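Novice: Turn this into a structure:
(one chain, ligands or ions: 1)
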Amino acid sequence: MADITPAVEIKDLVKDFRTSFRKQLLRAVDGVSIRIMPGEVYGLIGPNGSGKSTTMKALLGLVAPTSGNCSIFGKDSLKVDSRNDVGFLPENPYFYKHLSGAETLRFYGKLCGLRGRKLEDRVNELLSLVDLEGARDRRIGGYSKGMLQRIGLAQALVQEPRLVILDEPTAGVDPIGSRQIRDLIFKLRERGITVFLCSHLLEQVQEVCDHVGIIFRGKMVKEGRLEDLIAIEDQTEIILKDASPELVEQIRSLVAASSGTSLVRTGKPRTTLERLFLRETQGGDQ
Ligand SMILES: Nc1ncnc2c1ncn2[C@@H]1O[C@H](COP(=O)(O)OP(=O)(O)OP(=O)(O)O)[C@@H](O)[C@H]1O
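Specialist: Numbers count the residues shown, from 1 in each chain. Okay, here's the model as predicted:
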């Protein structure tokens, strides 16, 4: 098999911060290792203060590890050129409020060396991708939280990165805005872009990620393919449409007659509260 360089490689990362209280050391990240292959969507989940942002910042070279190392497409995170292939949406992105959405993207595009027709094409493409064409000339100061996160995502994509890092991309965004961001993450995946996101909104992580790591008090406590992590190994699900009561009864007696198998539950599957909310506020079947 061909040797593929991981998009993200974090090895035994430890990060200590010196606290103001008696200058004690606080271990924010304690021996975390993560490997993300190109094209994967990886979700790092954990409670507040468990070390998610610090792990991402170490990967971006924004904090220096106490020990361990991080690399992006094989390049050490402490070297500037490791960031050539990365787009980052921080937890609370800062924007110049007097600029419009288009001006904001133009500004970042210029920082990345784009000029002229190429710059304009990229700005238009990104505004269309994040569905903000209608608000392109409105000042960012008047954007909703969901729109701000989408323009932030567009900004992170300006230089056509192969890896996008999203720190709590849907924090403070309502379910409709969250769904738009979720759909954008799907679009990134379709384009083969690797996504590394952290969140404590578990349902969303479950919807978009194919790999998940659970971090708690700085340590990785569980990691793997989402499907493997959430499968209940000794159970089998059969979902029937328009089944008659007689058929359900037949299945029930078949199970009762077989040794070693028991019926755990029958009934109607439930939608999620999020889908119900979206159906009632947006119309149509979500
Ligand atoms: N610059 C810093 N100086 C001192 N302590 C810090 C610093 N940055 C983070 N910490 C501490 O490190 C721990 C991990 O913080 P971190 O922000 O990585 O967690 P998180 O999982 O991203 O949390 P949240 O979900 O609240 O964003 C916390 O106890 C935090 O207070």
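Novice: Tell me how many other residues surround the closest residue to the ligand within the stretch 151-286 of the chain.
Specialist: Nearest to the ligand in the stretch 151-286 of the chain, going by CB to the nearest ligand atom, is His200, at a distance of 5.9 Å. Placement of C-beta: from N, CA and C, glycine included. Number of residues near His200 (other CB atoms under 10 Å) recorded here: 14.
Novice: for Arg217, same thing?
Specialist: 14.
Novice: Ok, Arg265 next?
Specialist: Neighbour count of Arg265, defined by other CB under 10 Å: 6.
Novice: Make sure the residue of the stretch 151-286 of the chain closest to the ligand is actually in contact with Gly46.
Specialist: Yes. When contacts are counted by CB atoms under 8 Å, His200 is listed as touching Gly46 (7.1 Å).
Novice: Who does Arg18 form a beta bridge with?
Specialist: Partner residues in beta bridges with Arg18, using DSSP bridges, are Leu25.
Novice: what's it in contact with, if anything?
Specialist: Applying CB atoms under 8 Å, 6 or more residues apart in numbering to Arg18 gives the contacts 24-26.
Novice: Buried residues of stretch 215-225, list them for me.
Specialist: In terms of neighbour count (16 or more other CB atoms under 10 Å), stretch 215-225 has its buried residues at 215, 218, 220, 223.
Novice: There's contact between the second one and Asp16 in this structure, I believe.
Specialist: Put plainly, it is Gly218. No. If you go by CB under 8 Å, Gly218 and Asp16 don't touch, sitting 9.8 Å apart.
Novice: joint contacts of those two?
Specialist: Taking CB under 8 Å, 6+ apart as the criterion, Gly218 and Asp16 both touch 27-28.
Novice: how does this protein divide up, domain by domain?
Specialist: Following automatic domain parsing, one gets these domains for the chain: 39-62+73-214+224-230, 245-282.
Novice: and the longest one, how far apart are its ends?
Specialist: It stands for domain 39-62+73-214+224-230. End-to-end span of domain 39-62+73-214+224-230 (CA to CA, to the nearest Å): 21 Å.
Novice: Same check on stretch 159-176?
Specialist: Criterion CA to CA; first-to-last residue distance in stretch 159-176 is 27 Å.
Novice: quick revisit: which members of the buried residues of stretch 215-225 are the farthest-apart pair?
Specialist: In the buried residues of stretch 215-225, two members sit farther apart than any others by CB to CB. They are Gly218 and Glu223, at 14.3 Å.
Novice: Get me the contact residues on the stretch 51-200 of the chain for the ligand.
Specialist: Counting by CB under 6 Å from any ligand atom, the residues of the stretch 51-200 of the chain close to the ligand are 51-54, 200.
Novice: in the chain, which ranges drop under the pLDDT threshold?
Specialist: By pLDDT under 70, the low-scoring segments of the chain are 1-3, 274, 282-286.
Novice: all helices of it, in order?
Specialist: Ranges of helices within the chain are 52-59, 101-111, 116-129, 145-156, 175-190, 202-208, 226-230, 245-257, 273-282, based on DSSP state H.
Novice: Tell me which residue is most central in the chain.
Specialist: Closest residue to the average C-alpha location of the chain: Leu197 at 3.3 Å, with CA atoms, centre = their mean.
Novice: So what pairs up with it in the strands?
Specialist: Gly43, Leu166.
Novice: need the contact list for it.
Specialist: So Leu197 contacts 41-44, 165-167, 169, 185, 205, 208-209 (CB under 8 Å, 6+ apart).
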